[in-house]
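S.K.: Pasting the sequence and the predicted coordinates here, then a few questions.
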Amino acid sequence: MRVSSIAKPRHLAAVLVACVALMPLAALADSTVAAGGIAFANKGLVAVGRIPANQRDTFGETFGSGSGMSIDPSTWTHDGAGYKGSLWLLPDRGYNVEGTTDYRPRLNSIDIQLTPTAPGAAPAAGKEQAGVEAKLTSSMLLVDNNGNDATGLDPETGVRAASGDFPPLPQARNGKLALDNEAIVRLPDGSMLISDEYGPYIYRFSADGKLMSATQPPKALLPMRKGALNFASNNPGPGASTPDPKDPETGRQNNQGLEGMGLTPDGRFLIAVLQSATRQDGGDSGATRQNTRAMVYDAADPAHLKLVHEYVVPLPVFKDGKGKTLVAAQSEIIALSDKSFLMLARDSNNGFGLKGDTSLYRAINIVDVSAATDIAGSDFDGDKAVASKGVLDPSVTPAALTSFIDLNDSRELARFGLHNGAPNDRNNLSEKWEAMSLASALDPEQPDDYFLFVANDNDFLTQDGYQVGGAYKAEGGADVDTMFQVFRVTLPGIAKK
């Protein structure tokens, strides 16, 4: 296993992290772990729920599942054994198995009822997956700054020229702003921050869904082809051509943009994390893409986010069935402070709806950047690679990872009628678990306890689909429900001051 320049002592911590990632995570379930001098507890899975795969949104199109999620704390209440509240569930760019489509980006509002099972207890027979009841209440389109529809179409070679406070933006061949939304943050004034794969950018939208501003990342993350900005992800729409070359030469890899984003509990900082390493940092290979980047922005003015810190985050590694070392790309984060966050990372191409049935890695880790090197504004934000061919520069100390929750824990899943692996049926976890959000347990005896909601992105896979003016049936014959898993966790010290 070669993760970085492991012969150098300063990288010992990173090597230990990688080794921990290869340990059976089931052994760590229902446990307390220490990270950054703080004890965090996973009390286990307490509820599961579903939204049917053929659910339609309020525009009559197939519901888009959860690439991002944000629970509204102002609505969250506790009554007897249950909890009620509302959340935003953010879909990505639409059903796109055979190429991207002119799907209009949107945001869904969901009413939630949570009836948790006591940690470690078995749910009532027949109620194993009834602990979360989710009801769609509304859907809202996300439009550009002129009020025009946006699109999920690949931007191919399209770039909308910079204008006013807006940097150059991804644009599809039909002239629409191209969005592949992945994470969402709710702001106190009702507006929202949404991170994107194509840019990879951070967008601010008004409470009614109109684009207000856009934050461009450092140059090192911008996708460049032949020396020019090129936002294509090599997922051309109908009649479109593939980009040349198909992958960026530097910057974010195709479909590996700002997958995770979170606002610190005090509202002061926004953390955004690239799904995996940039091309120049080893992101051109699934085996060397470990060293991704976390950017910390001062969020005092959401319209003008200011980059104040940047760190290298070593993604977890695991072995495939042939003994090959692979990297688990991250799918979402929750900011705990400006120095720590929860990070969901997973493998690919395994789960219900796919040919592969058994996931080898799906886990939530605690990331601590307290001792990591701050590379913001350095040469690493320009043309200098921070991890050429996946080998971390010796001047840089990466963040520390601590294993926290194993989503593939067979004992926990079995209590709720779920499993990881064969038989590859509707109770086998689907591939893409990509959304997380926290809600207080509202327990005066345990004020640091929270419910950690985790949701999947079902890729719009249904046999009764309708989108962009036409019906469709997903390949493979599966109906993949939107699902929620809820864990009870103890997260000391994160309550908003």
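M.R.: Yes, it's here. Remember, predicted model here, so these are calculated numbers, not experimental data. Numbers count the residues shown, from 1 in each chain.
S.K.: Quick one: the strands in the stretch 251-400 of the chain, in order.
M.R.: For the stretch 251-400 of the chain, strands defined by DSSP state E, counting those that start in this stretch occupy the ranges 260-263, 269-273, 291-298, 306-314, 317-319, 325-327, 329-335, 340-346, 362-368, 400-406.
S.K.: out of the ones you listed, which comes closest to R160?
M.R.: R160 lies closest to strand 269-273 among these, at 21.3 Å (C-beta to C-beta). No exception for glycine: its C-beta is placed from N, CA and C like everyone else's.
S.K.: Buried residues in that closest one, which are they?
M.R.: Neighbour-count burial for strand 269-273 flags F269, L270, I271, A272, V273 (criterion: 16 or more other C-beta atoms under 10 Å).
S.K.: need the next SSE after the lowest-mean-pLDDT helix or strand in the chain, C-terminal direction.
M.R.: None of the helices or strands of the chain scores lower by mean pLDDT, DSSP states H and E than helix 12-21, at a mean of 38. Remark: after helix 12-21, the chain's next helix or strand is strand 32-35, criterion DSSP states H and E.
S.K.: Which elements pack onto that next one?
M.R.: The contact analysis (3 or more C-beta pairs under 8 Å, 6 or more residues apart in numbering; DSSP states H and E) places strand 32-35 against strand 38-51, strand 362-368, strand 400-406.
S.K.: Also compute the angle for the second one relative to strand 269-273, please.
M.R.: Interaxial angle, strand 362-368 versus strand 269-273 (axes from the mean of the first three to the mean of the last three C-alpha atoms, to 10 degrees): 130 degrees.
S.K.: for the nearest residue to P119 once chain neighbours are set aside, what are its contacts?
M.R.: Nearest residue to P119, sequence neighbours excluded (C-beta to C-beta, 6 or more residues apart in numbering): K43, at 4.1 Å. Residues near K43 by C-beta atoms under 8 Å, 6 or more residues apart in numbering: D30, P119, G120, D449, F487, R488, V489, T490.
S.K.: For the fifth one, give its distance to R411.
M.R.: As for F487, its distance to R411 is 14 Å (criterion: C-beta to C-beta, to the nearest Å).
S.K.: Could you tell me which residues make contact with K226?
M.R.: With contact set as C-beta under 8 Å, 6+ apart, K226 has these partners: D244, P245, E249.
S.K.: 10 Å instead?
M.R.: K226 is in contact with D244, P245, P248, E249, counting by C-beta atoms under 10 Å, 6 or more residues apart in numbering.
S.K.: For the second one, which three-state class applies?
M.R.: With DSSP: H, G, I helix; E, B strand; the rest coil as the basis, P245 sits in coil.
S.K.: who's in contact with it?
M.R.: So P245 contacts R225, K226, N230, A232, N234 (C-beta under 10 Å, 6+ apart).
S.K.: try 7 Å this time
M.R.: Contact analysis of P245 by C-beta atoms under 7 Å, 6 or more residues apart in numbering lists R225.
S.K.: Can you report phi and psi for it?
M.R.: phi -70, psi 170 (degrees, to the nearest 10).
S.K.: try P248
M.R.: phi -60, psi 150.
S.K.: Tell me how far it lies from L392.
M.R.: Taken as C-beta to C-beta, the span from P248 to L392 is 21 Å.
S.K.: Then A39?
M.R.: 29 Å.
S.K.: Which one's more surrounded, these two?
M.R.: L392 (27 against 12; other C-beta atoms under 10 Å).
S.K.: Looks like that one contacts Q290 (just checking).
M.R.: No. In this structure L392 lies outside contact range of Q290 using C-beta atoms under 7 Å: 8.6 Å.
S.K.: all helices of the protein, in order?
M.R.: Per DSSP state H, the chain carries helices over the ranges 12-21, 410-415.
S.K.: if you compare the helices and strands packed on strand 32-35, which one is most tucked away?
M.R.: Most buried of the helices and strands packed on strand 32-35, by mean neighbour count (mean count of other C-beta atoms under 10 Å): strand 362-368, with a mean of 26.
S.K.: Return the residues in contact with the residue nearest the centre of the chain.
M.R.: By C-alpha atoms, centre = their mean, the chain has its centre lying nearest to E332, at 2.7 Å. Shown in contact with E332 (C-beta under 7 Å, 6+ apart): A183, E259, G260, L344, E434, A435, M436.
S.K.: Kindly report the same for D457.
M.R.: S65, G66, S67, D92, K432, E434.
S.K.: swap in L413?
M.R.: Residues in contact with L413 (C-beta under 7 Å, 6+ apart) are H419, N420.
S.K.: rerun at 8 Å
M.R.: With C-beta under 8 Å, 6+ apart, L413 has these contacts: L45, H419, N420, L429.
S.K.: Next: A435.
M.R.: So A435 contacts G66, S67, G68, M69, L89, L90, E332, F453, V454, A455, N456, D457 (C-beta under 8 Å, 6+ apart).
S.K.: For T358, list the residues it contacts.
M.R.: N350, N420, G421, A422.
S.K.: if we go to 10 Å?
M.R.: Contacts of T358 (C-beta under 10 Å, 6+ apart): G321, D347, N350, G351, N408, H419, N420, G421, A422, N424, N428, L429.
S.K.: So what's the residue count around L153?
M.R.: 31.
S.K.: Excluding sequence neighbours, find me the nearest residue to it.
M.R.: Using C-beta to C-beta, 6+ apart, the nearest residue to L153 is A172, at 3.8 Å.
S.K.: just checking, that neighbour touches D144?
M.R.: No. Between A172 and D144 there is no contact under C-beta atoms under 10 Å: 11.5 Å.
S.K.: Which residues are in contact with each of these two?
M.R.: Common contacts of A172 and D144 (C-beta under 10 Å, 6+ apart): A150, T151, R160, L179.
S.K.: possible to save these as CSV with neighbour count?
M.R.: Formatted as CSV, the shared contacts of A172 and D144 follow (neighbours: other C-beta atoms under 10 Å):
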residue, neighbour count
A150, 27
T151, 28
R160, 19
L179, 29
